[in-house]
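Chemist: Predicted model, plus sequence, below.
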Amino acid sequence: MTIPWMLVSLAVGFLIAAFGGAALLAALRRLQFNQRAYEDAPETHQGKTGTPTMGGILFIVALVPLLAGAKTPFALELFLLVLACGAVGFIDDYLGIRFGRNRGLRARTKYLATALIAIVFLRALTESYDFFPRDVLFHAGTYSLVAPHWLWLLLGILAVTGTIHAVNLTDGLDGLATGTILPPLAVLTVVGFELGLPAPTQAALLGIGAGCGFLIYNRYKARMFMGDTGSLALGALLSGIAIVEGEMLLLLLIGGVFVAEALSVIVQVLYFKATGGKRIFRMSPLHHHFELGGWAETKVTARFWIASFLLSVAALAVVR
């Protein structure tokens, strides 16, 4: 993929989200697909009730140009991964709206569904392409870390499901998940370009463009939320590209903010049960901890964006 075509992909993703977002926002308002704030969310979040949700449809639509090169290795697999995970999120969002609550599908149902999708995705990669970096967990320069296939498959399932649900947990403030995922996608763009892999490179660029376009509607004060439709789709996009590029373990670094958000929930729950009701954080996920500590929502979002950028710069230095 040449530099001009990379810029075209970036622009196409942005234009789809920016202009498609206006039409989608009107449709969501007409259908009354609106968010309801959780009862246990910080008090400031109650004002978010009534904001249209499921805007993450834009991320899926923005990846449709991948199908123009459906015969390009990994293009169809990446698109179907994002589409399938986004569909799980769509069902979750719809059920939450339909029944007047934000719980939709059970967490275990979403984990199981996304794990099954991950298995299909991973098997498709290994069975369809002889040149796929089979069993590679990480590579930098001429160095590659290779695992037994069963371990690679297990870690791949964990990488997809873990990333998806970590991004989902991060999607709690205006623009937080959207802006946080842009630097990691930029790193994977560079890696894909240097490896000569057009499909993952284009997918990452379309995702970056769509994220920038979506921020027009999702930045503070948000006029539209991505919902689980978007967070599951973005998590699938990030993890899918990393696996295709042989950089599964790099997700721990470029997705460090998402990892911290997920760990804060796990630690909070375990500590709460072990101590009979005590808490380490004021509230989890981590962004709520800082909110309740007196940080403005925009300050939390900006700091998390900066953290994501710095982690991504560090990751790029590692792989190069």
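Modeler: Received the coordinates, thanks.

Chemist: Quick one: the helices in the stretch 1-150 of the chain, in order.
Modeler: For the stretch 1-150 of the chain, the helices defined by DSSP state H, counting those that start in this stretch cover 3-31, 57-62, 75-98, 107-128, 149-170.

Chemist: what ranges of the stretch 51-200 of the chain fall below the confidence cut-off?
Modeler: Applying pLDDT under 70 to the stretch 51-200 of the chain flags residues 100-103.

Chemist: can you do 80?
Modeler: 69-70, 100-104, 130-131 (pLDDT under 80).

Chemist: same thing with the stretch 201-320 of the chain?
Modeler: 320.

Chemist: now the helices for it?
Modeler: Under DSSP H, counting those that start in this stretch, the stretch 201-320 of the chain gives helices at 227-244, 251-254, 256-275, 286-292, 297-319.

Chemist: Please work out which of the helices of the stretch 1-150 of the chain is packed deepest.
Modeler: helix 57-62 (a mean of 25; mean count of other C-beta atoms under 10 Å). For glycine as for every other residue, the C-beta is placed from the backbone atoms N, C-alpha and C.

Chemist: returning to what we had before: present the helices of the stretch 1-150 of the chain as a markdown table; the columns should include distance to residue 299.
Modeler: Converted to a markdown table, the helices of the stretch 1-150 of the chain look like this (distance: least, C-beta to C-beta, whole Å):
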| stretch | distance to residue 299 |
| --- | --- |
| helix 3-31 | 25 |
| helix 57-62 | 26 |
| helix 75-98 | 28 |
| helix 107-128 | 29 |
| helix 149-170 | 16 |
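
Chemist: if we can go back for a sec, burial-wise, tell me which of the helices of the stretch 201-320 of the chain comes out on top.
Modeler: helix 227-244 (a mean of 30).

Chemist: Kindly export it (C-alpha atoms) in CSV.
Modeler: C-alpha atoms of helix 227-244 as CSV (Å, rounded to 0.1, in the frame of the first residue of the first chain):
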residue,chain,number,x,y,z
GLY,A,227,-22.7,1.7,22.7
ASP,A,228,-21.6,-1.9,22.9
THR,A,229,-22.0,-2.0,19.1
GLY,A,230,-19.0,0.3,18.8
SER,A,231,-16.8,-0.8,21.7
LEU,A,232,-17.0,-4.5,20.8
ALA,A,233,-16.3,-3.6,17.1
LEU,A,234,-13.3,-1.5,18.0
GLY,A,235,-11.9,-4.1,20.4
ALA,A,236,-12.2,-6.7,17.6
LEU,A,237,-10.5,-4.4,15.1
LEU,A,238,-7.6,-3.7,17.4
SER,A,239,-7.0,-7.3,18.5
GLY,A,240,-7.7,-8.7,15.0
ILE,A,241,-5.1,-6.5,13.3
ALA,A,242,-2.5,-7.2,16.0
ILE,A,243,-2.9,-10.9,15.6
VAL,A,244,-2.7,-10.8,11.8
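
Chemist: which helices and strands sit right next to it?
Modeler: If you count contacts as 3 or more C-beta pairs under 8 Å, 6 or more residues apart in numbering; DSSP states H and E, helix 227-244 packs onto helix 57-62, helix 75-98, helix 107-128, helix 149-170, helix 176-195, helix 198-218, helix 251-254.

Chemist: With adjacent residues omitted, what lies nearest to residue 176?
Modeler: residue 301 (4.9 Å; C-beta to C-beta, 6 or more residues apart in numbering).

Chemist: Residue 149 now?
Modeler: Per C-beta to C-beta, 6+ apart, closest to residue 149 is residue 135, 5.3 Å.

Chemist: Can you report phi and psi for the one you found?
Modeler: Main-chain dihedrals, residue 135, degrees, to the nearest 10: phi 70, psi 10.

Chemist: contacting residues around it?
Modeler: Residues near residue 135 by C-beta atoms under 8 Å, 6 or more residues apart in numbering: 146-149, 152.

Chemist: Closest to residue 194 out of those residues?
Modeler: Sorting the contacts of residue 135 by how near they are to residue 194, with C-beta to C-beta, puts residue 146 at the top with 19.6 Å.

Chemist: Done for today, thanks.
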